[in-house]
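Trainee: the sequence and its predicted three-dimensional model are supplied below.
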Amino acid sequence: DALTTGCDPGTITTSDHYLLSGCSTGGDITINALDDVTLELDGVSNARTITVSGGTHTRLTVIVRFSQLTKLTTSSSATMNDCAVFLSHVTLVAVDNTLRFASLVTNLYVSLQY
């Protein structure tokens, strides 16, 4: 995969590795239905919401470490195949519905470390 950097990817529409490192600005992130997307937040100090849109997502990997997260949620119409979520040293800002995954899931790996 290629590497895309920057602090505000907005809506992800291209298969790629997105790295947000040391960001203090930027908005929420939506991931469109794609294959082979990696979204990595490392040291992001402003809270973000990550939304996985409807459709089929294959080999989606979300890595959030040393960052603030408001929500990580999937659309009720999302299908997730061979996807992974890794959260490490994450401040969860919201109280309700912080982590919500679709019901159509095959081989979803979730790792939470504090």
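Mentor: Right, received. Where do you want to start?
Trainee: show me where pLDDT drops low in this structure?
Mentor: Within the chain, the segments meeting pLDDT under 70 span 1, 95-98, 101-106, 114.
Trainee: for the residue nearest to Asn46 when sequence neighbours are not counted, what are phi and psi?
Mentor: The shortest distance from Asn46 to any residue other than its chain neighbours is 5.5 Å, reached at Ser24 (C-beta to C-beta, 6 or more residues apart in numbering). C-betas here are computed from N, CA, C, even on glycine. The phi and psi torsions at Ser24 (degrees, to the nearest 10) take the values phi -120, psi 0.
Trainee: the one 3 residues further on now?
Mentor: Dihedral angles phi and psi of Gly27 (degrees, to the nearest 10) take the values phi -110, psi -170.
Trainee: my read: it touches Cys7, true?
Mentor: No. Using C-beta atoms under 8 Å, Gly27 makes no contact with Cys7, being 9.1 Å away.
Trainee: and the two? which has more neighbours close in?
Mentor: Counting neighbours by other C-beta atoms under 10 Å for Gly27 and for Cys7 shows that Cys7 has the greater number, 16 against 12.
Trainee: okay, strands next: where are they in this structure?
Mentor: When assigned using DSSP state E, the strands of the chain occupy the ranges 3-5, 11-12, 17-21, 29-31, 35-42, 48-52, 55-74, 78-92, 99-100, 104-113.
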